[in-house]
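Asker: predicted coordinates and the sequence they were generated for:
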Amino acid sequence: MDLIRKAIAGIVPARELSCLHVEGLPPSVRIIKARTSTLLLVVTPVEHTGAVLNAFTGDESLVYGLANHGLVSEIGLIRRGVRFGATTRHLSHRMRRHLANPPVPAARTLFVVAGRTADVLTAELAFALESELARLTPLAGAYQVIGSYSFPTLSAPTQLVVDHWVEELRLMLIDAGVPVLEQSAQDSEAGEAGETDEAPERAFRSGYSLSVPADLTSRPDAQRWRLSAGEVRASAICWQGWTVLQPGATARALVVPSNQACLTRKRQVLRAQGILRPHGRRGQVLELLRPLRVPSLVNAARLLFGNNSDGREWRRVS
């Protein structure tokens, strides 16, 4: 990291546009600085991994991601995927093992989260940030997360720091061309009446679908998620691109004025079709009567809360 940190301090030459290009590193290696914290994001094509790894010291806490960006190959469609990791020493050893036996099919990009000084990212914060990135990425729905992760309960001070960093990294990763925390593009498409086509990728281009595999709830490899926040409660199943809200979910009847227009229309259509109906005496809560496929868990949270939720309320239960 000495070369990169010296460039940031102005000791060695560097060009800064939307990101930093450091003299001595390949032009495709970019360094993105956080605006309101001391984080750095170093991003490189995998073919230049060696040059980047040489910039890191051996004993330093780092968080990294190895990602592809989706493509069609001779083996068929490869979905966009990312593998996160955290290490407290010798990132180069870890990456050589990954590149020799790739955990991500057709990996194209390596990104590394570090501090402007070596003491910024402690071991505790590194592993906490790794778990938070792994938890939030599938909620956004743009990338699938590869590998298994633990999700420990964080102390309040640690959670506060990690939340701040995640908000910074959301935009930094967009600049890096790896928008793993950004809501899936199809979430923002107009929400008109749902289709009944069984094809999983085409069925809900309109924003939702009522067509759901009958055996979805019994699939052993399906992920199960739960949300409970005040009057809003829901269960959802995620499986191979499907995100399905289960009947009985409750949603707020009122939406905030700033809610996305497509989501407001979607709620109106669902109410008109009787799929969402007032529940309780005062009608302040809506109840979902049928399984409902939506683009992602983030989209589901926004549908339920009637606001621009980032989906953090979801918790995986299996």
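Answerer: Sure thing, it's come through. Just so it is clear, the structure is predicted and the values come from calculations on it, not from any experiment.
Asker: stretch 310-318: end-to-end distance?
Answerer: 21 Å (C-alpha to C-alpha, to the nearest Å).
Asker: and what of stretch 300-312?
Answerer: Span of stretch 300-312 from end to end, C-alpha to C-alpha: 11 Å.
Asker: how about it, which residues are buried there?
Answerer: Within stretch 300-312, the residues scored as buried using 16 or more other C-beta atoms under 10 Å are Ala300, Ala301, Arg302, Leu303, Leu304, Phe305, Gly306, Asn307, Ser309, Asp310, Gly311, Arg312. In short, each C-beta sits where N, CA and C put it, glycine included.
Asker: which one of those sits closest to Glu60?
Answerer: Using C-beta to C-beta, Arg312 is the member of these that sits closest to Glu60, with 28.7 Å.
Asker: residues in contact with the closest one?
Answerer: Leu136, Leu139 (C-beta atoms under 8 Å, 6 or more residues apart in numbering).
Asker: what's the local residue count around the closest residue to Leu292 other than its chain neighbours?
Answerer: Spatial nearest neighbour of Leu292, excluding adjacent residues (C-beta to C-beta, 6 or more residues apart in numbering): Leu245 at 4.5 Å. Residues contacting Leu245 under the criterion other C-beta atoms under 10 Å number 26.
Asker: tell me which residues form a beta bridge with Leu245?
Answerer: Ala236, Leu292 (DSSP bridges).
Asker: ok, it to Arg35 distance?
Answerer: 35 Å (C-beta to C-beta, to the nearest Å).
Asker: the helices in the protein, which residues?
Answerer: Per DSSP state H, the chain carries helices over the ranges 2-8, 49-53, 91-100, 123-140, 156-175, 261-272, 297-305.
Asker: for Ala34, what are its contacts?
Answerer: Ala34 is in contact with Leu40, Leu41, Trp165, Glu168, Leu169, Met172, counting by C-beta under 8 Å, 6+ apart.
Asker: make it 6 Å
Answerer: Glu168 (C-beta atoms under 6 Å, 6 or more residues apart in numbering).
Asker: numbering from 446 from now on, please.
Answerer: Sure, I'll start numbering at 446, so the last one becomes Ala479.
Asker: check it and give its pLDDT.
Answerer: Ala479 is assigned a pLDDT of 86 by the prediction.
Asker: likewise Leu733?
Answerer: pLDDT at Leu733 comes out at 94.
Asker: out of the helices of the chain, deepest packed?
Answerer: Per-stretch averages of neighbours, counted by mean count of other C-beta atoms under 10 Å, single out helix 742-750 among those, with a mean of 27.
Asker: show me what it packs onto, helices and strands only.
Answerer: Helix 742-750 sits against helix 568-585, strand 677-684, with contacts defined as 3 or more C-beta pairs under 6 Å, 6 or more residues apart in numbering; DSSP states H and E.
Asker: those into a markdown table, with extra columns for mean pLDDT and distance to Gly622?
Answerer: Shown next, in a markdown table, are these (pLDDT from 0 to 100; distance: least, C-beta to C-beta, whole Å):
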| stretch | mean pLDDT | distance to Gly622 |
| --- | --- | --- |
| helix 568-585 | 90 | 15 |
| strand 677-684 | 92 | 25 |
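Asker: can you pull the domain assignment for this protein?
Answerer: 447-620, 631-761 (automatic domain parsing).
Asker: where among these is average confidence lowest?
Answerer: For those, the weakest mean pLDDT is recorded on domain 631-761, namely a mean of 77.
Asker: please name the nearest non-neighbouring residue to Ala551.
Answerer: Residue nearest to Ala551 in three dimensions, not counting chain neighbours: Asn513, with 4.7 Å by C-beta to C-beta, 6+ apart.
Asker: contact partners for that neighbour?
Answerer: Gly526, Val549, Ala551, Ala552, Arg553.
Asker: list the contacts of the first one.
Answerer: When you say that, I think you mean Gly526. Here Gly526 is in contact with Asn513, Val549, Tyr588, Gln589, Ile591 (criterion: C-beta under 6 Å, 6+ apart).
Asker: mind running it again at 8 Å?
Answerer: By C-beta under 8 Å, 6+ apart, the neighbours of Gly526 are Ala512, Asn513, Val549, Pro550, Tyr588, Gln589, Val590, Ile591.
Asker: out of those, which sit inside strands?
Answerer: Ala512, Gln589, Val590 (DSSP state E).
Asker: by neighbours, which of the residues you listed wins?
Answerer: Using other C-beta under 10 Å as the neighbour test, the ones in strands among the contacts of Gly526 are led by Ala512, with 27 neighbours.
Asker: what's the burial count for the residue nearest to that residue when sequence neighbours are not counted?
Answerer: Leaving aside its sequence neighbours, Ala512 sits nearest to Val527 (C-beta to C-beta, 6+ apart; 4.2 Å). Val527 has 27 neighbouring residues, counting by other C-beta under 10 Å.
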